[in-house]
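Visitor: I would like the atomic coordinates for the input below:
(chains A and B)
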Amino acid sequence: MGKQIVIDPVTRIEGHSKITIQLDENGSVADAQFHVTQYRGFEKFIEGRPFYEMPGIMGRICGICTISHSMASAKACDQIMAVSVPYTARKLRRIVNLASILQSHALSFFYLTSPDFLLGMESNVRKRSIFGLVESHPEIARDGVRLRRFGQQMIEWIAGKRLHPTWIVPGGVGAPLTDEIRQRILAEIPGIYQLLRRNIDWFKRAMEDYQQEIRTFGNFPSMFMGLVDNRTGGLEMYSGILRIMDERGNIIEPGFKPKEYASYIGEAVEPWSFMKFPYFKGRGYPEGIYRVGPLARLNIVDTCGTPRANQEWAEFRQLDRRVVLSSFYFHYARLIECVYAVERIEQLLEEPDILNKKVRAIAEPNRSEGVGVTEAPRGTLIHHYKVDDQGRITWANLIVSTNHNNLAMNRSVQQVAHRYVDGANLTEGMLNRVEAVIRAYDPCLSCSTHAQNQVAMHVQLIGPDGTLLDEAVRE
Amino acid sequence: MLIIGYGNTLRGDDGLGWIAADSLRARFADRRVTIMTCQQLTMDLSEALSRASLAILLDAQAGDQPGRIARCEIAPASVTSDSLHHHMPPQALLDYTAALYGRAPRMILLTIDGLTYDFGTGLSAAVEAALPHLLSEVEALVQAEIA
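Guide: Now for the predicted structure:
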């Protein structure tokens, strides 16, 4: 057995993970894997709790995606109650969901990823962070801070708290919007458009210097999945139908109802990770590999539905002939989605009924099951609950955005390791590229680690020279 | 002027910053005073800090004399990448603010030694008793700044 390189922890992502790269006898990369090493048991410990507690509890899965989890959870609860959420409440939920996407994309792009582009993949690791940018590119760091603050501030203004608000409730939202808050948000939007324009411009120029990475960073055929508007096929983050596109750009599932997800998506487990491996059942495992998130969303839609985002999306679609395959372009897609988010928020805030006071429907549990699906910053998020006659949770299943990308992240790590890692002449920059391809997916691992019970474990004891000393397997 | 109360409202005395900040909202209707609350200090706050002449931070701290009020004038500390973890000291936040925006406010950290940080809301009796004194100190600082 050849040596093994372990990158532990993977840095500048949300959550805890490691990457192992197996070298052959010649020091060349034989295999590579992305392991999620943390574990959370939300699906299990909510059993027995009342369904109406779920948005509050599920939001605690994560400090970044708290809105997304509360939102998907509340939508599942809406189904259990069998109520129609008031129109204004739906719009307010959409605004807060978009604000959450905005703050998360700002975190991913500016805080976690842009140091690689602005300071270089091979630059001094001690400076390669947002704090390094403060010194070298303060104007871009300022924009990152401002954009994230804007997203967080909207959440605080509308939902009461930046972190873990309890405003998203079954049947609607906890409080209506005031005109004062509406005006405050609208007043900031022109400046945010300018901010996004100048950052998209520099990033498009920067991409010209990363052609090699574009060719090798998760650049492989796969399917793509996400929500689309059921009337227009447009970009949709809150509701709609799920669409799947194949690696040649053909729509192979034009739109199935989110509650039918289990007919299309299977979940496999592997002994070396706490994260499940979802796959498209039509192709089986692991051939049913697909990607979700910004890259997938901009691939599958027929339009963004807003003028500024549409203009940029048209350029995005020119990057490849039928479908944009390189995961490097997740970053570009993220910026385009920021533009979309701001435009949609502005549109929604201008709607005449946005200040209506009726924002919540109240009911007892009227169904035994509910499925809530939204688009979280990282992709499609599914919450599925079953309840007993009293509305207590008896079973839950979550398929979290990062889960969907698990197969793709592993394939990406293998691709980058094969291209860049030389076991005989190892540099920090090589390993940073392996981490960087994971960062392209912006994984949120605290959200996505859900395998339990059925997970077999494979523990290996590796000696300092890389030789396998012992191993234990739990089937 | 900017007042930031921070901490975790679900961990006993660690909720002091929020409770103090909420109490101060009623006292300072003055538009020159902005009051914010947050779980922890993050870089996002630097934008607001850069616009302030005086920043007062309110927090609980682990100490051996529950109810003791401490006042500390914060000086900027050099930027290090270590601060990307889940804790940012006020010194680093001040330093980032200066680096990003070219200016930073005078910053004062007011703390009360906490007694308990167990799960639960509300303050211990010792911290509760010290709270009015803390609020008076904030008021005195604000009045001096206005003057």
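
Visitor: And the residue lying closest to A:Val324 once chain neighbours are set aside, how far from A:Ala32?
Guide: Setting aside the residues directly before and after it, A:Val324 is nearest to A:Asn299 in space (CB to CB, 6 or more residues apart in numbering or on different chains), at 5.8 Å. C-betas here are computed from N, CA, C, even on glycine. According to CB to CB, to the nearest Å, A:Asn299 stands 25 Å off from A:Ala32.

Visitor: what does A:Pro138 give?
Guide: Taken as CB to CB, the span from A:Pro138 to A:Ala32 is 36 Å.

Visitor: again with A:Asp320
Guide: 25 Å.

Visitor: Kindly report the same for A:Asp442.
Guide: A:Asp442 sits 19 Å away from A:Ala32, going by CB to CB.

Visitor: Going by neighbour count, list what's buried in the helix or strand hosting A:Ser263.
Guide: Element membership for A:Ser263 (DSSP states H and E) is helix A:261-264. For helix A:261-264, burial by neighbour count (16 or more other CB atoms under 10 Å in any protein chain shown) applies to A:261, A:264.

Visitor: helix or strand right after that helix?
Guide: strand A:265-268.

Visitor: which helices and strands does that next one pack with?
Guide: Under the contact criterion of 3 or more CB pairs under 8 Å, 6 or more residues apart in numbering or on different chains; DSSP states H and E, strand A:265-268 touches strand A:277-280.

Visitor: which other residues reach the strand it packs on?
Guide: A:223, A:225, A:244, A:264-270, A:285-290, A:399, A:403-404, A:406-407 (CB atoms under 8 Å, 6 or more residues apart in numbering or on different chains).

Visitor: Looking at A:Pro138 and A:Ala32, which has the bigger crowd around it?
Guide: Of the pair A:Pro138 and A:Ala32, A:Ala32 is the one with more neighbours under other CB atoms under 10 Å in any protein chain shown, namely 24 against 16.

Visitor: SS state for that one?
Guide: Secondary structure, DSSP: H, G, I helix; E, B strand; the rest coil: A:Ala32 is strand.

Visitor: Distance-wise, check it relative to chain B.
Guide: 25 Å (CB to the nearest CB, to the nearest Å).

Visitor: from memory that residue sits against A:Val434, does it?
Guide: Yes - using CB atoms under 8 Å, A:Ala32 is in contact with A:Val434, at 7.3 Å.

Visitor: any residues in contact with both of the two?
Guide: Listed as contacting both A:Ala32 and A:Val434 by CB under 8 Å, 6+ apart are A:19, A:21, A:413, A:417.

Visitor: how many neighbours does B:Met88 have?
Guide: So B:Met88, with other CB under 10 Å, has 17 neighbours.

Visitor: Look up the closest residue to it, ignoring the ones flanking it.
Guide: B:Leu41 (4.5 Å).

Visitor: rewinding a little: now, the contacts of strand A:277-280 that are in strands?
Guide: Residues of the contacts of strand A:277-280 located in strands (DSSP state E): A:223, A:225, A:244, A:265-268, A:290, A:399.

Visitor: Export those residues as JSON lines, with columns for neighbour count and pLDDT.
Guide: Listed next are those as JSON lines, based on neighbours: other CB atoms under 10 Å in any protein chain shown; pLDDT from 0 to 100:
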{"residue": "A:Met223", "neighbour count": "27", "pLDDT": "98"}
{"residue": "A:Met225", "neighbour count": "26", "pLDDT": "98"}
{"residue": "A:Ile244", "neighbour count": "23", "pLDDT": "98"}
{"residue": "A:Ile265", "neighbour count": "22", "pLDDT": "96"}
{"residue": "A:Gly266", "neighbour count": "17", "pLDDT": "95"}
{"residue": "A:Glu267", "neighbour count": "18", "pLDDT": "92"}
{"residue": "A:Ala268", "neighbour count": "15", "pLDDT": "92"}
{"residue": "A:Tyr290", "neighbour count": "25", "pLDDT": "97"}
{"residue": "A:Ile399", "neighbour count": "24", "pLDDT": "91"}
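
Visitor: Select the longest helix from chain A.
Guide: The residue-count maximum for a helix in chain A (DSSP state H) belongs to helix A:179-207.

Visitor: That helix packs against which elements?
Guide: The helices and strands touching helix A:179-207, judged by 3+ CB pairs under 8 Å, 6+ apart, are helix A:114-119, helix A:138-159, helix A:330-349.

Visitor: Tell me the buried residues in the next helix or strand after the shortest one?
Guide: Using DSSP H and E, the helix or strand that directly follows helix A:114-119 along the chain is helix A:130-136. For helix A:130-136, burial by neighbour count (16+ other CB under 10 Å) applies to A:130-134.

Visitor: for helix A:130-136, packing partners?
Guide: Applying 3+ CB pairs under 8 Å, 6+ apart, we find helix A:130-136 packed against helix A:114-119, helix A:138-159, helix B:90-101.

Visitor: What average pLDDT does that helix get?
Guide: Averaged over helix A:130-136, pLDDT sits at 86.
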